[in-house]
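*Asks:* here is my input; please provide its structure:
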Amino acid sequence: MVGDPTEGALVTLAHKAGLSAEVLRTVQRLDVIPFESEHRFMAVLVQAQGDAGQPEVLLKGAPEVVLRLCTHSGGQPLDAAHWQAAVADAAAQGQRVLALAQCAMPGGTHQLSMDDIRPRFELLGLVGIIDPPRPEAMAAVAECQRAGIQVKMITGDHALTAAAIGAQLGLATRHTLTGEDIEAMDDEALKNRVLDTDVFARASPVHKLRLVHALQSQGHLVAMTGDGVNDAPALKAANIGVAMGHKGTDAAREASDLVLTDDNFATITRAVREGRVVFDNIKKTLLFTLPTNGGEAGVIVLAIFMGLALPVTAGQILWVNLITAVTLSLALAFEPGEEGVMRHGPRPPTEPLLTRPLVLRMVFVSLLMVAVTFSVFEWELLRGSSLEMARTAAVNMLVVSELFYLFHARHFTRSAFRLETFTGNPVAIGVSLLMVAIQLLFTYAPFMQAVFQTRALDLFSWLVIGTLAGALFLLIELEKALWRWSGVRRM
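*Replies:* The predicted model follows:
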């Protein structure tokens, strides 16, 4: 099928009823009033080819609109109550209901205007179209709700149809609002109702725009989906306009920020999850990079203010930054999502990137790195090692501390004493092994010793470095436990 799915369904129904393609080709379309959300119907002026008789207007649209235009059905006066009950019954089953009607026009009529659409039509019947939500859409809505994202359905369908479909999607349908209800409310009343209502029926473009503004006025970020020309204003006004790539119009796509190439709501949910993972990884990278840089800088600054020999030279600091940037820092870009990443609410729009817990963690880790680095440096000097050997130990202390801290930075406050800490990100293991190999070259390779003035360390030095790094690891674990005890799960 090419074209509108509803039109395709009606053509299929016509074929099933015995109206062949040959018969359809004998009918000439003279004029058309296209469907618009303002009047909610479509009308065509047709005439059999070569026939000088009366042309006819064929009408299809929302039942409540078409029924008002009909005066009779099957040669009898229209029983409006009977047909309205039939509409309600079909709509309650989740069917999209269309009413079909016809009206004879005077001979020689070749144009159709809105003045011709008045109460004089004969009702031909009702059509119920089953358009159930996709299973993946129902799962996606449930995941959004668990993630603290409010999902609202705005449709042009009958209120009962919208409520039935909304119930299948897991939306609250007790307070379904219609376009007429929205028109009767001022902006303040709409603001009070929009948060408690999930389903909006018989909505026009103006109604969609008012709903977007009502949510935004309360500080919410709104993502709006749409496909038609009439959706463009609301798509443009939303914080994130999302157009359909397949059935969306050019106007909708141009007014949007994003285009869904598969027209699938579940894709939006997957994008939200991916966005949260990326944002978390950015914060984890800051959580790793800033404290380690702070520790390196703190070692230099403290030595200068205390009038002590520098524990590391400028060239050695450059080496540490280089080796950790191309190894350890890279690993966090491949970090999988946190457990429960789609079970916490969205962060407030005004929340800074560097939150209070994150800043406190940075300060704490920086101070620990300064302490262990100075400790191993002074210990080497006290036992009679040369300044070059003491500096080599200090550099390795910094690097090993950063290596241990990497596995803490993989999670915000979750304990690192889990097997997943060391197996959940294979890239972290790979770059850690690479960094160890390069650092051994830094310490023992003669050409590296000549460039960076390093000396070979004995086993006792490595035991002290490992012990201090283990102490640092345990202290950060204790700090994480305090955050968990205070109810903080994210930074």
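*Asks:* which helix runs longest in the protein?
*Replies:* helix 265-306 (DSSP state H).
*Asks:* buried sites along whichever helix or strand comes after that helix?
*Replies:* Following helix 265-306 in sequence order, the next helix or strand is helix 314-326 (DSSP states H and E). By neighbour count on 16 or more other CB atoms under 10 Å, the buried set for helix 314-326 is 316, 317, 319, 320, 323, 324. Placement of C-beta: from N, CA and C, glycine included.
*Asks:* looking at those, which one is closest to residue 170?
*Replies:* residue 324 (46.5 Å; CB to CB).
*Asks:* from residue 399, how far out is the closest one?
*Replies:* Distance, residue 324 to residue 399, using CB to CB, to the nearest Å: 7 Å.
*Asks:* kindly report the same for residue 353.
*Replies:* For residue 353 relative to residue 399 (CB to CB), the value is 27 Å.
*Asks:* of these two, give the one with the bigger neighbour count.
*Replies:* residue 399 (25 against 10; other CB atoms under 10 Å).
*Asks:* tell me the secondary structure at the residue lying closest to the more buried one once chain neighbours are set aside.
*Replies:* Take residue 399 and drop its neighbours on the chain: the residue closest to it by CB to CB, 6 or more residues apart in numbering is residue 439, 5.5 Å away. Per DSSP: H, G, I helix; E, B strand; the rest coil, the local secondary structure of residue 439 is helix.
*Asks:* show me what contacts residue 439?
*Replies:* Counting by CB atoms under 8 Å, 6 or more residues apart in numbering, residue 439 makes contact with 323, 396, 399.
*Asks:* circling back to that earlier point, would you format the buried residues of helix 314-326 as a markdown table with pLDDT and distance to residue 243 included?
*Replies:* As requested, these are exported to a markdown table (pLDDT from 0 to 100; distance: CB to CB, whole Å):
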| residue | pLDDT | distance to residue 243 |
| --- | --- | --- |
| 316 | 91 | 54 |
| 317 | 90 | 50 |
| 319 | 90 | 50 |
| 320 | 89 | 48 |
| 323 | 85 | 46 |
| 324 | 84 | 43 |
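*Asks:* what's the end-to-end length of stretch 49-65?
*Replies:* End-to-end distance of stretch 49-65 (CA to CA, to the nearest Å): 30 Å.
*Asks:* go through it and flag the buried ones.
*Replies:* Neighbour counts over stretch 49-65 (16+ other CB under 10 Å) mark 55, 56, 57, 58, 59, 60, 61, 62, 63 as buried.
*Asks:* I figured residue 130 hits residue 94, correct?
*Replies:* Yes - at 7.3 Å, residue 130 counts as touching residue 94 under the criterion of CB atoms under 8 Å.
*Asks:* how's this protein carved up into domains?
*Replies:* Here the domain parsing of the chain from automatic domain parsing is 5-130, 135-268, 271-485.
*Asks:* nearest to residue 491, out of those domains?
*Replies:* Taking the domains of the chain one by one with CB to CB, domain 271-485 is closest: 4.2 Å.
*Asks:* now do the closest one: distance to the chain's middle.
*Replies:* Centroid separation for domain 271-485 versus its chain: 32 Å, with CA atoms, centre = their mean, to the nearest Å.
*Asks:* how many residues are close by residue 25?
*Replies:* For residue 25, using other CB under 10 Å, the count is 9.
*Asks:* who's in contact with it?
*Replies:* Contacts of residue 25 by CB under 8 Å, 6+ apart: none found.
*Asks:* one more pass at 10 Å, please.
*Replies:* residue 49 (CB atoms under 10 Å, 6 or more residues apart in numbering).
*Asks:* I'd like to know how far it sits from residue 47.
*Replies:* 13 Å.
*Asks:* do the same with residue 306
*Replies:* Residue 306 is 100 Å from residue 47, by CB to CB.
*Asks:* the two: who's more crowded?
*Replies:* Neighbour totals were compared for residue 306 and residue 47, and residue 47 leads with 19 against 8 (other CB under 10 Å).
*Asks:* so the more buried one, which state does it fall into?
*Replies:* strand.
*Asks:* what bridges to it?
*Replies:* On the basis of DSSP bridges, residue 47 is bridged to residue 28.
*Asks:* I'd say it and residue 106 touch.
*Replies:* No - using CB atoms under 10 Å, residue 47 is not in contact with residue 106, being 11.8 Å away.
*Asks:* could you tell me which residues touch both of the two?
*Replies:* 54, 55.
*Asks:* before we move on, back to that, so between residue 130 and residue 94, which is more surrounded?
*Replies:* Higher neighbour count among residue 130 and residue 94: residue 94, with 21 against 10, using other CB under 10 Å.
*Asks:* state the pLDDT value of the more buried one.
*Replies:* With respect to pLDDT, residue 94 scores 86.
*Asks:* got the phi and psi for it?
*Replies:* phi 90, psi 10 (degrees, to the nearest 10).
*Asks:* tell me which element the residue nearest to it when sequence neighbours are not counted falls in.
*Replies:* Setting aside the residues directly before and after it, residue 94 is nearest to residue 164 in space (CB to CB, 6+ apart), at 3.6 Å. Using DSSP H and E, residue 164 falls within helix 159-169.
*Asks:* for that helix, which positions count as buried?
*Replies:* For helix 159-169, using 16+ other CB under 10 Å, the buried residues are 159, 160, 161, 162, 163, 164, 165, 166, 169.
*Asks:* tell me the centre residue of this protein?
*Replies:* Of all residues in the chain, the one closest to the mean position by CA atoms, centre = their mean is residue 272, 2.4 Å from it.
*Asks:* picking up where we left off before, now the longest helix of the chain: mean pLDDT?
*Replies:* Rounded mean pLDDT across helix 265-306 is 90.
*Asks:* returning to what we had before: of the buried residues of stretch 49-65, closest to residue 112?
*Replies:* After measuring these against residue 112 - CB to CB - the closest member comes out as residue 57, at 6.6 Å.
*Asks:* could you pull up phi and psi at that closest one?
*Replies:* Per-residue torsions, residue 57: phi -100, psi 120 (degrees, to the nearest 10).
*Asks:* correct me if wrong: it contacts residue 106.
*Replies:* No - Residue 57 is not in contact with residue 106 according to CB under 10 Å; the separation is 11.2 Å.
*Asks:* neighbouring contacts of stretch 136-148?
*Replies:* 132-134, 149-151, 153, 166, 168-171, 198, 264-270, 272-273, 276, 340-347.
*Asks:* which of the residues in stretch 77-95 are buried?
*Replies:* 78, 83, 86, 87, 88, 90, 91, 94, 95.
*Asks:* list the contacts for the fifth one?
*Replies:* Contacts for residue 88 were tallied using CB under 10 Å, 6+ apart; they are 63, 97, 158, 159, 160, 161.
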